[in-house]
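Colleague: just need the structure, nothing else, for what follows:
(2 chains)
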Amino acid sequence: MALVLTEEQSMLRDSARGLISDKAPVSHLRHLRDAKDPTGFSRELWHSFAEMGFAGLLVPEEFGGSGLGFVEAGVVMEEIGRTLMPSPFLATGVVAASALSRGGNAAQKSEYLPKISNGSLLATLAIDEGAKHRPLQTSLQAVRAGNGFKLSGAKALVVDGHVADLFIVAGRTAGSAGERDGLTLFLVNPKAKGVAIERTIIVDAHNAARIELANVEVNADSVLGEVDQGAALLDGVLDIGRGAVASEMVGLSEEVFNRTVEYLKSRKQFGKLIGEFQALQHRAAELYVDIEITRAAVMKALQALDTDVAKAASSVAVAKARAGTTATRAVQEGVQMHGGMGMTDQFDIGFFMKRARVCEELFGDANYHTEQLARAGVLRRGASFNTRCRRPA
Amino acid sequence: MTDLKASDSETADLEEFRKQTRAWLEANCPPEMRKPATSDADVFWGGRNAKFASEPQRIWFERMRDKGWTVPDWPKQYGGGGLSAAEHKVLRAEMAKIGARPPLSSFGIWMLGPALLKYGNEAQKQEHLPKIAAGLIRWCQGYSEPNAGSDLASLQTRAESDGDDFVITGSKIWTSYANYADWIFCLVRTDPTAKKHDGISFILFDMTSKGVTTKPILLISGYSPFCETFFDNVRVPKSHVVGTINRGWDVAKYLLQHERAMISGMGERGVGRPLGQIAADSIGTDAQGKLDDAMLRGRIASFDVDEAALAACAERAVDLAKAGQAHPAFSSAMKYYGTELNKRRYEILMSAGGVDALEWESERSRQGARPRAWLRTKANSIEGGTTEVMLGIVAKRILDLPGA
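Modeller: Just a heads-up that it's a prediction; the model follows:
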């Protein structure tokens, strides 16, 4: 596969860009933030998204979706990154839709996937418990009870957690924190007895929540995938989320960079355009190269996800690590080169810096993914790069 | 999604090509040629005085040459393999998979060939390209001059018109392997009165021509890959000018894109084993099997990420070019990053080698191969245009930032 967009993918990008830049420029996020909007995104816009086929982009056609791939999902995520539009697309359209498509049984798929496609159901993955993304450290207890399970524990940074109609919760049916075996994914109704949800207003004004489960009863039909064997499904789904967030970071990096370069061409100091100063030219050029290299790594990862999600781990780790580092650099240079203006709330640049920080933590930061690569391959004899990244046992 | 059928059959053809290529390489690449070259003597450069370092090296070269795969993507009539860009990509991937070395290293392949294909006349193509493909003539590049390094266009070597000939006088510096080269592709000033870029011509001549002398330059690595080259009234037919007289800058720039792409790829041709393994062999691991130097471990891991990302970007650069979407200055971006990354690789290798990597003249160190290679990489961000020049090109030509 060539690492360039096909004609169809470019058309998809143009239509996503058209809709998003028109209906949800950065001022859209600013407005939601200032109004302390209880939903945190525009439901109207989400319905337009669904009508254009974006909500069900990854959902197979038999369940009312478009049946497209991760490169296409990445194209949409990148456009979301350009304007920082808050949208259920990541949690529902990408992560939850993939979890259900891949792990769901026939009944689960036909119940949930059509609703995701038509925009009527919001779903989200509840995974992290500690301060950092450590999926195997899951300790939320899932104890067998009657025909089902009782879930107890807490989850942090559940994206769209306060508005979701369905949680996909990682719990432990066996083993202990740190172990790979014994993880199980459950479909949990947020309205079920024992579920407590706290919307956490986070730094980037996007949606997140903490949730607590106290003896929440779910029946056996609520298991997504196999009991005790959820890690493999979870790995694949998380890698999809990572690829998507990496795309969002490419979009936001490029947008903040473009704004910065325009500023360098218009702002005068010491009687010159500041873009004439070699010190700034070289920093801008370095950042451009960083973004281009990251873009290629992300495309590579998305294509790998489309080809074989189980083998995509190393490419995804490279992509997420690079995207995190590059986005961090892009927003820092963006603020610095905008000078004092970059520090003001009135200016948009700060919004990009805040979102980059959140994206960096989502599904593992650059250190986490670099470490995964190091553990799995750097010290393993005889492994070439493509086969290097295996999950630690 | 409507084009799926057409691309399906294309994919099937490519898969067939992949299968055949894999089988051919498996049958024809000697095991000795599936390891990275360990020193310059281990690399085959071709030329009139070429010697093979080993029998497997000869066999590998001859088999690849006979298939046209020293230059797989050149047209068949010029000794190439006539492969499409997609097939070429497959061949490279399959060669990489078994660690197969390039059968022939050559500035003729990397630099002059592409320029001749674009700017040469038919006679020049027929004269030179097949000889490059077959490794018969070794070329060197006469670009830099003592007072015109990165400011290449200020070069002063004169070519004065005398009937059907030019008479060339002047000197070049940093002429890689000029002392081994058979022919030179050279930038000369054919109109001293024109503006800096407008009076330059691109000309080819034999290094055995009367008036040509070379003198190696000893470097900090203890080697002399570069030479000073002097021209004292060297007589060259005007028919040896490639492209239009006084329009050599166009050829030069085009060729530089290939040179930059070549230099940025140096990392790939470096040490074959992953850095982590090399480091673990020399430093050892702790009780958990982790490299017993946490900071170095982190540096290696970050390096691996960046190297993998750069490889993706190099692949994408080829795909963009094929799709007609490449920015002509993008090779400067790749050159900058690739060379800086290669320097990082060798800093890590030196650190991983510790005191062992300091040995300069000893059997065990293969006569200081590692420190010499480390010192060699320091030139990467200077040769072919410095990192600063590359960043300046990116800033002005890609980002369109105002001139200072």
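
Colleague: show me where pLDDT drops low in the chain?
Modeller: Just going to use chain A. Along chain A, segments meeting pLDDT under 70 span A:377-393.

Colleague: can you look at chain B instead?
Modeller: B:1-10, B:39-40, B:261-272, B:404.

Colleague: checking my notes, residue B:355 in a helix, right?
Modeller: Yes. Counting by DSSP: H, G, I helix; E, B strand; the rest coil, residue B:355 falls inside a helix.

Colleague: what's the neighbour count on it?
Modeller: Neighbourhood size, residue B:355 [other Cβ atoms under 10 Å in any protein chain shown]: 7. (C-beta placed from N, C-alpha, C; glycine too.)

Colleague: with residue A:207 instead?
Modeller: 27.

Colleague: residues in contact with the residue nearest to it when sequence neighbours are not counted?
Modeller: Nearest residue to residue A:207 in three dimensions, chain neighbours excluded: residue A:40, at 4.0 Å (Cβ to Cβ, 6 or more residues apart in numbering or on different chains). Each residue near residue A:40 by Cβ atoms under 8 Å, 6 or more residues apart in numbering or on different chains is listed here: A:32, A:86, A:160, A:162, A:163, A:199, A:205, A:206, A:207.

Colleague: distance to residue B:29 and secondary structure for these - can I get that in a markdown table?
Modeller: Output for the contacts of residue A:40, formatted as a markdown table (distance: Cβ to Cβ, whole Å; DSSP: H, G, I helix; E, B strand; the rest coil):
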| residue | distance to residue B:29 | secondary structure |
| --- | --- | --- |
| A:32 | 60 | helix |
| A:86 | 54 | coil |
| A:160 | 54 | coil |
| A:162 | 60 | coil |
| A:163 | 59 | coil |
| A:199 | 61 | strand |
| A:205 | 58 | coil |
| A:206 | 53 | coil |
| A:207 | 56 | coil |
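
Colleague: biggest separation within those residues, which pair?
Modeller: A:163 and A:205 (14.6 Å; Cβ to Cβ).

Colleague: tell me which element the residue of chain B most remote from its centre falls in.
Modeller: No residue in chain B sits farther from the centre than residue B:287, which is 42.8 Å out by Cα atoms, centre = their mean. For residue B:287, there is no helix or strand it lies in under DSSP states H and E.

Colleague: chain center to the helix or strand residue A:286 falls within, what's the gap?
Modeller: Here residue A:286 sits within helix A:278-307, counting by DSSP H and E. When distances are taken as Cα atoms, centre = their mean, to the nearest Å, helix A:278-307 is centred 18 Å away from the chain's centroid.

Colleague: same check on stretch B:232-241?
Modeller: 26 Å.

Colleague: ok, stretch A:334-353 next?
Modeller: 24 Å.

Colleague: hang on, the earlier thing: the helix holding residue A:286 near chain B anywhere?
Modeller: Yes. Using Cβ under 8 Å from any Cβ of the partner chain, helix A:278-307 reaches chain B at A:278, A:281-282, A:284-286, A:288-289, A:292-297, A:299-300.

Colleague: what sits against residue 97?
Modeller: The chain I'm using is chain A. A:56, A:58, A:59, A:65, A:113, A:116, A:123.

Colleague: actually chain B
Modeller: Per Cβ under 8 Å, 6+ apart, neighbours of residue B:97: residue B:22.

Colleague: what of the one 3 residues further on?
Modeller: When the contact criterion is Cβ under 8 Å, 6+ apart, the partners of residue B:100 are B:25, B:29, B:33, B:34, B:60.

Colleague: ok, 7 Å please
Modeller: Counting by Cβ atoms under 7 Å, 6 or more residues apart in numbering or on different chains, residue B:100 makes contact with B:25, B:29, B:33, B:34.

Colleague: got it, and residue A:5?
Modeller: Neighbours of residue A:5 in contact, by Cβ under 7 Å, 6+ apart: residue A:13.

Colleague: name the SS class of it, please.
Modeller: Looking at residue A:5 with three-state DSSP, the answer is coil.

Colleague: can you check residue A:143 too?
Modeller: Assignment for residue A:143 (three-state DSSP): strand.

Colleague: burial measure for the nearest residue to it once chain neighbours are set aside, as a count.
Modeller: In space, and not counting its chain neighbours, residue A:143 is closest to residue A:150: 5.0 Å by Cβ to Cβ, 6+ apart. By the criterion of other Cβ under 10 Å, residue A:150 has 18 neighbours.

Colleague: output stretch B:103-120 as CSV, restricted to C-alpha atoms.
Modeller: What follows is stretch B:103-120 as a C-alpha-only set of coordinates in CSV (Å, rounded to 0.1, in the frame of the first residue of the first chain):
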residue,chain,number,x,y,z
PRO,B,103,25.7,-5.6,-5.1
LEU,B,104,27.3,-2.4,-6.3
SER,B,105,27.9,1.0,-4.6
SER,B,106,28.3,3.8,-7.1
PHE,B,107,28.0,7.5,-7.4
GLY,B,108,27.1,6.7,-11.0
ILE,B,109,24.0,4.9,-9.8
TRP,B,110,23.0,7.2,-7.0
MET,B,111,23.8,10.6,-8.6
LEU,B,112,24.9,10.8,-12.2
GLY,B,113,22.6,8.2,-13.6
PRO,B,114,19.3,9.9,-12.6
ALA,B,115,20.7,13.2,-13.9
LEU,B,116,21.7,11.6,-17.2
LEU,B,117,18.3,10.0,-17.5
LYS,B,118,16.6,13.3,-17.2
TYR,B,119,19.1,15.7,-18.9
GLY,B,120,21.4,13.6,-21.0
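
Colleague: dump the residue contacts of residue A:66.
Modeller: A:53, A:56, A:57.

Colleague: and if you look at residue A:287?
Modeller: Per Cβ under 7 Å, 6+ apart, neighbours of residue A:287: A:257, A:329, A:330, A:333.

Colleague: from what I see, the last one and residue A:283 are in contact.
Modeller: Read it as residue A:333. Yes. Here residue A:333 reaches residue A:283: they are 6.3 Å apart, a contact under Cβ atoms under 7 Å.

Colleague: now the strands: where do they sit in the stretch 251-393 of chain A?
Modeller: A:268-269, A:272-273 (DSSP state E, counting those that start in this stretch).

Colleague: give the buried residues for the helix holding residue A:286.
Modeller: Going by neighbour count (16 or more other Cβ atoms under 10 Å in any protein chain shown), the buried part of helix A:278-307 is A:280-306.

Colleague: number of residues surrounding the residue of the stretch 101-250 of chain B found nearest chain A?
Modeller: Residue of the stretch 101-250 of chain B nearest chain A, by Cβ to the nearest Cβ: residue B:150 (13.8 Å). As a burial measure, residue B:150 scores 15 neighbours (other Cβ under 10 Å).

Colleague: so does stretch A:350-364 get close to chain B?
Modeller: No. Contact of stretch A:350-364 with chain B (Cβ under 7 Å from any Cβ of the partner chain) is absent, the minimum separation being 13.0 Å.

Colleague: residues of that stretch that come out buried?
Modeller: In stretch A:350-364, counting by 16+ other Cβ under 10 Å, buried: A:350-364.

Colleague: ok, the contacts of residue B:100 vs chain A, which is closest?
Modeller: residue B:34 (12.7 Å).

Colleague: check contacts around the closest one.
Modeller: Counting by Cβ under 7 Å, 6+ apart, residue B:34 has contacts B:98, B:99, B:100.

Colleague: of those residues, closest to residue A:337?
Modeller: residue B:99 (44.1 Å).

Colleague: need phi/psi at that closest one.
Modeller: phi 70, psi 20 (degrees, to the nearest 10).

Colleague: likewise for residue B:48?
Modeller: phi -60, psi -30.
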